[in-house]
Every structure is written in C-alpha cells, then in structure tokens.
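Peer 1: Quick one, fold the following:
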Amino acid sequence: MKEPALPREELRGLFLFEHLSDEQLDWIEQHAVLEHYEGDTTVHREGDPATCFYIVLSGALRMSRLVSGADVEVKRSDQRGSYFGATQFFVHQDTEHTYGATVRAIGDLTLLALPSAEFAVEFRKWFPMAAHLLEGMYLGWRNSDTVISSRRRLLALGELSAGLTHELNNPAAAAVRATASLRERVAGMRHKLALLAKKDIDPDLLEQLLDVQEQLVKTVADAPRLSAMQQSDREDEISDWFDDHDIDQGWDLAAIFVAAGLKTENLDGVLESVGDGLLDGALRWLAYALETEILMGEIEDSTTRISVLVGAAKQYSQMDRAPHQWIDVHEGLDSTLVMLSGKIGDKIQVVKDYDRGIDHIPAYAAELNQVWTNIIDNAVQAMGGEGTLTLRTWQESKQVRVEIGDSGPGIPEEVRQRIFEPFFTTKGVGEGTGLGLDISWRIIVERHSGDIKVTSVPGDTRFEICLPVEEQASL
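Peer 2: From the prediction side, this is the model:
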C-alpha cells in the first residue's frame, strides 16, 4: 500500500536527510511515497530492475540471496533510517541496475520509497562533487577489478604456458635423442648382418637366428622395472656369462640385454641356436635389434606424452567447444593438474579419490577450470611445494561435490572469514591480488548457482565446491 511521504519536519529526522535544505526536503516530500508491507511480504526480488531507493521507517526486514537453489539470509535490520534497494542510483550506466538481493518484511514494515532515476538527477544537482567522487570510486573499483583480473589471468596464462612448454620439451627432446640413436643402431644392425652373411651362414641357421630375434624382441615390451640394485646384479650375471663364453667387452652389451628384460637363460638359447662360431656376431646383431626396439618404445612413449599434454591443454582451454555444456568434472580437474604439474613438482603427492559414477553437470567448463586452478595453486603455495594434495568427488542428491584439500599450515579463523572478499590477500606485496578466490566464488555461486566453502585446521585445509546437476533458471 502506498501513500504520500512524510512532511518536511519528519524527513529531517532521518539521518540521511538531516542536513538537506528546505528545498531539497520539499523535493523528496513531493516524489517519495510511503509503502507498507505485512509480514513475509516481498519488497523486491534479486535480479529485478532496481527502480527504488528504500529507507526503513518502522518494522524489520530480512535480506537474502539465492545460493545453490537455496534462500540464504545475509542481513536483518530494524534500524530506522537504514536504506537498501537501488543504492547505486548515482552511477551512470549503460546497462540497467538490478537489485542485488531479495528483501522481505518481518512483521509489519513501513518504507519510504524514492524513484531511483529521478533521485539520481537531483542528487547530482545537489551534490555534484560528492556524486563525481562516489561514481569515480565505484567505477574505479570496478575498472580496477577488471584490469587486475585480466592481468592476473594473463600472468596465470604465462605461468601455465611456461609450465606446459617445459613439460612438452622433455618428451620432445627425448624423442629427438632416441631418433638420432635409432638411426645409428639401424645402420649398425645392417652392418652386422652383412658381416654375418659373409661367413656363408647356413640359410636354415639364419632363419633360426631371425626366429630367436623375434622372440627376444617381444620381451622388450614386457621388460620388468628393476631397482638400481636389481639392475646392477642382473648386469653382473650377464657380464659373467659373456666372460665365460669369451665375448669381448661384454659389459657394453649387458646393459642392453638387461633393459630388454633378458636373463642368462635367454643367452643359453641363443648359443644353442647358432653355436660357438657365430655366437659373438649373433649377440651383437641381436643387441642392435633389441636396442632398436627399446628406442622405438621411447619414441612412442614420448610422442604419446606430447599428445596427452596437448589434449590436456585443449581440454583446459575448452578450445573448439561451446562455452556452456554438460561436463564430467574429472576431466577439468585432471587437465588442471597436468597444466600445473610444473608447479606441483615431485615433492607433492597427489591423491585422487574420484567417484566416477557421479552425474555430468551443466557448466561453463573453462570457468570451472579457472576455479580449480586458483584453489590448487593456492594449495601448492600454502604447502611450500611439499605435502599432500587431495582431490575428492562425490554426489549428494542433486549436487556434485568437489573437495580440494592440502596438508599445509591451515587458514586462521580471522582470515577464513574474509577469504572470499575481493582484494583481500595474505600474500606479500606483488605476490597476489586478492582476487583469485573472489573470482572463484563468483564463478561458482553467481554463474553456476552453486556454493563454495572452506574448513581448515593445521595440516588439513579443504575447499568444498557444490554444483547442481540440473539446469538452473536464470535470475
């Protein structure tokens, strides 16, 4: 219910208006109206066009925001003169202002309502300097937020690119080295085969030797991983075998045969097939064949690693994919770990406790990858590069849960209460902007209608992200 506003004398009793002139109060009296609301009546809803600036005259109200489909109360007030609604009315904007929260009456509530558009025009006339300062402060903060966020993303991209380049360089260099060695070994194998042929080797014997080669080459793929001690012991055994059979410089060949997974029993089989006369040449030819197979395996592993890294980078950036899609959260988590592998290093143990049976969710995948990056990067820094990083997923009803934990020193209570505030950081000057977790909060809560919370004790800090498995209605 609406009725004419208060007279001038009563308006001056409100702390917002106590220093206004009579003419200014007259304008407010002419343009403001009183609005009455019964208990549990909605004054305005979050996301609706912000058309009114409200001042509480009597009664109480509750302010709430929609978080993960639930109505979460953020404030209550019964103070006469407190204000809400279109509080940014003084800002010139190309886009329409919207209410940032839903307000409901608690019991009977009486408000003074001013039309925000008309009030903005008069406010700029009454207080031109104050209007400029307020607008400049607001727009400056928003622009700084945008610039710093962009700068942070560029710096993060640079770090990720450097890490990815480093990760790609290792398998690429290994493939180049293996290819060069392979060329030499193939040439040596051709030469050794020619020497064997000059000895007028019996065709049946040559065929038998080729059969032995094929059998031994097959052992390369199944060669067991040996410890340094096991490797040394096995090489000693094979070197002794070579000495017993008068093979010169057998220790050079021993490492190759051990890497291929061979034992002295295999060498006994070669001796039985070719005899003493051709044993030396046959063993050296077989060594070339085995090393060739080992090198081809290294090249395959290196190129596969490169392909995996490129695939992870493509998934992380969501290249050639729609911004909003149904996704498996594990793909984003794994690709983020790959992109951050250079930062994570060898001293941090990564533990994955994934429930692969959880539902796919509707999401902006690239933005979620930014959230995973911010939280994992913070965890790595908190642990000082050494500790345990745990990633866990599960589902509760219509929500997918992702938990990222670290074994760092923990987050003090006074810091934890402000951790999602923009520009709040505990890092040194130049080391952080204080926007990473603020951006993460906005991506999860505002973009995905989810929720993010943190629990922390020394040695166990956990960020829990809740994401709906169903499409959410736009606000």
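Peer 1: can you count the residues close to Trp372?
Peer 2: 25 (other CB atoms under 10 Å). Quick note: C-beta positions are derived from backbone N, CA and C, even for glycine.
Peer 1: let me redo that: Ser397
Peer 2: 6.
Peer 1: got it, and the one 4 residues further on?
Peer 2: As a burial measure, the neighbour count of Arg401 was computed by other CB under 10 Å and equals 18.
Peer 1: Likewise for the one 10 residues further on?
Peer 2: By the criterion of other CB under 10 Å, Ile411 has 19 neighbours.
Peer 1: again with the one 5 residues further on
Peer 2: Counted by other CB under 10 Å, the residues lying close to Arg416 total 15.
Peer 1: Please shift the residue numbers so they start at 30 in all later answers.
Peer 2: With the count now opening at 30, the last piece we talked about shows up as Arg445.
Peer 1: who are the neighbours in contact with it?
Peer 2: Contacts of Arg445 were listed using CB atoms under 8 Å, 6 or more residues apart in numbering, and they are 483, 485.
Peer 1: Asp137 too?
Peer 2: By CB under 8 Å, 6+ apart, the contact set of Asp137 is 65-68, 87-88.
Peer 1: I'd assumed it was in a strand, is it?
Peer 2: Yes: under DSSP: H, G, I helix; E, B strand; the rest coil, Asp137 sits within a strand.
Peer 1: Just the pLDDT for it.
Peer 2: Predicted confidence (pLDDT) for Asp137: 90.
Peer 1: follow-up on the earlier one: out of the contacts of Asp137, which sit inside strands?
Peer 2: Here DSSP state E is the test, and the contacts of Asp137 give 65-66, 87-88 as lying in strands.
Peer 1: before we move on, the earlier item: Throw the contacts of Asp137 into CSV and include distance to Tyr317, neighbour count and pLDDT, thanks.
Peer 2: Shown next, in CSV, are the contacts of Asp137 (distance: CB to CB, whole Å; neighbours: other CB atoms under 10 Å; pLDDT from 0 to 100):
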residue, distance to Tyr317, neighbour count, pLDDT
His65, 96, 16, 92
Tyr66, 90, 20, 92
Glu67, 93, 11, 90
Gly68, 91, 12, 86
Ser87, 96, 12, 91
Gly88, 92, 19, 91
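Peer 1: Same list (those residues) but as TSV, adding distance to Asp275.
Peer 2: Output for these, formatted as TSV (distance: CB to CB, whole Å):
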residue	distance to Asp275
His65	111
Tyr66	105
Glu67	107
Gly68	104
Ser87	110
Gly88	106
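Peer 1: So which residues of the stretch 230-379 of the chain form helices?
Peer 2: Counting by DSSP state H, counting those that start in this stretch, one finds helices in the stretch 230-379 of the chain at the ranges 232-250, 257-273, 279-288, 293-303, 308-346, 358-368, 370-373.
Peer 1: Tell me which of those lies nearest to Asp467.
Peer 2: helix 358-368 (19.0 Å; CB to CB).
Peer 1: Arg476 - how many residues pack around it?
Peer 2: So Arg476, with other CB under 10 Å, has 15 neighbours.
Peer 1: ah, wrong one, I meant Phe449
Peer 2: Neighbours of Phe449 under the rule other CB under 10 Å: 19.
Peer 1: Assign it to helix, strand or coil.
Peer 2: coil.
Peer 1: list the contacts for it?
Peer 2: 466-467, 469-470, 481.
Peer 1: Now do it, the pLDDT please.
Peer 2: 74.
Peer 1: Also Gly463?
Peer 2: 42.
Peer 1: distance between the ends of stretch 127-136?
Peer 2: Using CA to CA, to the nearest Å, the end-to-end distance of stretch 127-136 comes to 25 Å.
Peer 1: where are the low-confidence patches of the stretch 180-329 of the chain?
Peer 2: Along the stretch 180-329 of the chain, segments meeting pLDDT under 70 span 180-199, 203, 213-240, 246, 250.
Peer 1: Could you report the separation of Val429 from Ala392?
Peer 2: 9 Å (CB to CB, to the nearest Å).
Peer 1: on that earlier part again, name the nearest of the contacts of Phe449 relative to Gly326.
Peer 2: Using CB to CB, the contacts of Phe449 come closest to Gly326 at Ser469, 41.9 Å.
Peer 1: Would you mind measuring from that closest one to Thr490?
Peer 2: 15 Å.
Peer 1: repeat for Gln260
Peer 2: Here the criterion is CB to CB. By it, Gln260 lies 41 Å from Thr490.
Peer 1: chain center to stretch 102-118, what's the gap?
Peer 2: 37 Å (CA atoms, centre = their mean, to the nearest Å).
Peer 1: What about Gly306? Give its phi and psi, please.
Peer 2: When read as degrees, to the nearest 10, the backbone of Gly306 gives phi -60, psi -40.
Peer 1: From His274, how far off is it?
Peer 2: The separation that Gly306 has from His274, given CB to CB, amounts to 12 Å.
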